[in-house]
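Undergrad: Here is the input, now give the coordinates:
(one chain, ligands or ions: 1)
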Amino acid sequence: MLLGMGNQKKAFYTQLHWQVLGALILGILLGLAAPGFSIRLGFLGDLFLRGLKMIIIPLIFLSLVDGVSGVRDAGKLGRLGLSTLIYYTLSTTLAIITGLIIVNLIHPGVGLRLAEGASLPEGFAPAGGGLGDFLLRLLPENFFHAAAEGAVLPVISFALLFGIFLSRMDSEGSRSVERCVKGALEVIQALTLAMIRLAPVGILALLARVVAESGLTVFRELALYFLAVGLGLLFHFFISLPLLLRFFGGRSPLSYLRAAAPALVTAFSTASSSATLPLTMECAEERAGMPSLVSSFVLPLGATVNMDGTALYEAVAALAIAQMYGVYLDPAQQAVVLLTALLASVGAAGIPMAGLVMLVVVLQAVGLPIEGIATIIAVDRVLDMMRTATNVWSDLVGTAVVTKWSGVSDAGKECS
Ligand code: ASP
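TA: Below you'll find the model as predicted:
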């Protein structure tokens with residue numbers, strides 16, 4: 001079903017974007033009204049999450065191989081790669097600059113106190129290694145091991161290579177492989193659609209539990225800090241990204257937002273870009289009519305490396321911690337924060353709390369004590385939900401922008 005098609009005749013409550021919004025509101029109300037029941041109900045949310053995770057690896061592999069093997073022109077792939085890289089850098093840098101401006105205006109760290117006796121969770125350290133290490137981790141030593149571990153980047157690299165070499169062959173065998181991949185992809189997509197039907201239930205259960213489990217007092221103590229990150233994320237979500245979408249992607253932000261709603265609300269309730277990926281891809285292709293080659297390239301890659309919300313958060317949190325310690329970071333040091341926040345967002349996995357863990361890298365780069373993180377941990381869950389929705393929204397906006405820049409299209413698909 002393409003965006004807008006047939007929607008007019010349907011009652012609003014049968015439309016998925018209204019269902020997920022309803023689930024969001026009901027989940028919050030239920031969590032407040034019946035915390036005990038909501039915590040037990042969380043089990044349904046876990047089931048939903050598991051179902052999504054089950055689909056990720058086959059979906060990425062099959063859709064990338066299918067997309068790339070259909071491209072006989074290498075220049076097209078080059079344009080796709082370059083446009084993606086430019087968009088990721090542009091949108092993430094914009095997010096960090098927004099964060100830096102807000103944190104310098106509001107000074108959310110000035111009134112904060114280092115949490116007494118607070119300590120960081122055990123094993124709290126980001127994955128080490130420099131650029132060389134990162135590049136090494138792009139290639140799987142063993143494809144099945146990477147797939148079994150759910151390591152998305154090496155699976156993407158292998159799928160790209162497999163698809164490129166498949167596109168260069170023209171034998172009886174290679175044609176069978178292409179048909180096989182196409183058939184398997186159709187099955188996985190049907191499964192994804194079925195999972196999407198369950199999204200409202202999963203979202204309701206996950207949100208009710210989060211609300212039931214988090215206390216409200218911590219929000220009062222960290223109100224200014226929460227406000228600074230929240231404002232930055234909202235600005236990037238509702239102003240900067242829609243502007244990029246309108247001017248570079250040529251799409252109407254409102255109708256695109258409606259198409260993206262199921263993925264965005266799922267990202268918000270799961271706090272995981274990776275777990276949301278099957279929905280993100282389905283929303284891009286089926287609801288917004290994006291070409292599958294672009295979405296199968298931009299979205300899985302984006303779910304691991306393009307994290308605008310996380311990058312913005314890293315910058316605000318690092319500066320708020322500096323302010324808490326009474327340390328003034330001059331423009332040069334803030335430039336270091338910008339650069340490391342960018343790298344940290346690339347390195348952060350698409351899972352809950354990954355951004356918090358990567359904050360260590362940013363703090364160390366400007367010589368701040370990492371214990372400062374203990375102070376802001378209390379409100380991290382909700383901020384994580386907000387930054388994950390922003391991350392996924394940026395990936396979806398990127399799909400439209402890259403489609404426009406690279407000129408890739410799907411014959412027969414309607415792009416409004
Ligand atoms: N949870 C975020 C995501 O999955 C990453 C983060 O913690 O910032 O996109």
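Undergrad: Tell me the residue of the protein that sits nearest the ligand?
TA: Gly355 (2.5 Å; C-beta to the nearest ligand atom). To be clear about C-beta, it is placed using only N, CA and C from the backbone, and glycine gets the same treatment.
Undergrad: quick one: contacts for the residue nearest to that residue when sequence neighbours are not counted?
TA: Nearest residue to Gly355, sequence neighbours excluded (C-beta to C-beta, 6 or more residues apart in numbering): Thr310, at 4.1 Å. Residues in contact with Thr310 (C-beta atoms under 8 Å, 6 or more residues apart in numbering) are Ala344, Ser345, Ala348, Ala354, Gly355, Met358, Arg387, Asn391.
Undergrad: returning to what we had before: quick check: which element contains the residue of the chain closest to the ligand?
TA: Here Gly355 sits within helix 354-365, counting by DSSP states H and E.
Undergrad: Please apply the same query to Gly326.
TA: Using DSSP H and E, Gly326 maps to neither a helix nor a strand.
Undergrad: what's the neighbour count on it?
TA: Gly326: 8 surrounding residues under other C-beta atoms under 10 Å.
Undergrad: quick one, phi psi at it?
TA: Dihedral pair for Gly326: phi 70, psi 20, per degrees, to the nearest 10.
Undergrad: where in the stretch 301-416 of the chain is pLDDT low?
TA: Where the stretch 301-416 of the chain drops to pLDDT under 70, the residues are 410-416.
Undergrad: again, but for the chain
TA: For the chain, the stretches flagged by pLDDT under 70 are 1-9, 114-131, 134, 215-219, 410-416.
Undergrad: same thing but at 50, please
TA: For the chain, the stretches flagged by pLDDT under 50 are 1-7, 412-416.
Undergrad: isn't Arg258 right up against Leu16?
TA: No. At 9.7 Å, Arg258 does not count as touching Leu16 under the criterion of C-beta atoms under 8 Å.
Undergrad: OK, contacts around Pro369?
TA: Tyr325, Leu363.
Undergrad: Could you rerun that using 10 Å?
TA: Contacts of Pro369 were listed using C-beta atoms under 10 Å, 6 or more residues apart in numbering, and they are Leu114, Ile321, Tyr325, Val327, Leu363.
Undergrad: What subset of those residues is buried?
TA: Neighbour counting over the contacts of Pro369 (16 or more other C-beta atoms under 10 Å) leaves Ile321, Val327, Leu363 as the buried ones.
Undergrad: returning to that earlier point: the contacts of Thr310, buried ones only, as a ChimeraX selection?
TA: Only the buried entries of these go into this ChimeraX selection, using 16+ other C-beta under 10 Å:
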select :344,345,348,354,355,358,387,391
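Undergrad: Enumerate the residues of the stretch 1-150 of the chain near the ligand.
TA: By C-beta under 6 Å from any ligand atom, no part of the stretch 1-150 of the chain sits against the ligand.
Undergrad: Start from the N-terminal end of the stretch 1-150 of the chain and give the helices.
TA: 16-33, 35-69, 74-106, 131-138, 143-149 (DSSP state H, counting those that start in this stretch).
Undergrad: Over to stretch 323-340 now: how far is its first residue from its last?
TA: Stretch 323-340 has an end-to-end distance of 18 Å (C-alpha to C-alpha, to the nearest Å).
Undergrad: which parts of that stretch are buried?
TA: Gln323, Met324, Val327, Leu329, Gln333, Gln334, Val337, Leu338, Thr340.
Undergrad: do the same with stretch 251-260
TA: Arg251, Pro253, Tyr256, Leu257, Arg258, Ala259, Ala260.
Undergrad: I figured the last one was touching Thr280, is that so?
TA: Yes. Between Ala260 and Thr280 there is a contact at 8.0 Å, judged by C-beta atoms under 10 Å.
Undergrad: which residues do the two both contact?
TA: Ala267, Val392, Trp393, Asp395, Leu396, Thr399.
Undergrad: now those in TSV, with distance to Leu139?
TA: Formatted as TSV, the shared contacts of Ala260 and Thr280 follow (distance: C-beta to C-beta, whole Å):
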residue	distance to Leu139
Ala267	28
Val392	26
Trp393	30
Asp395	23
Leu396	28
Thr399	25
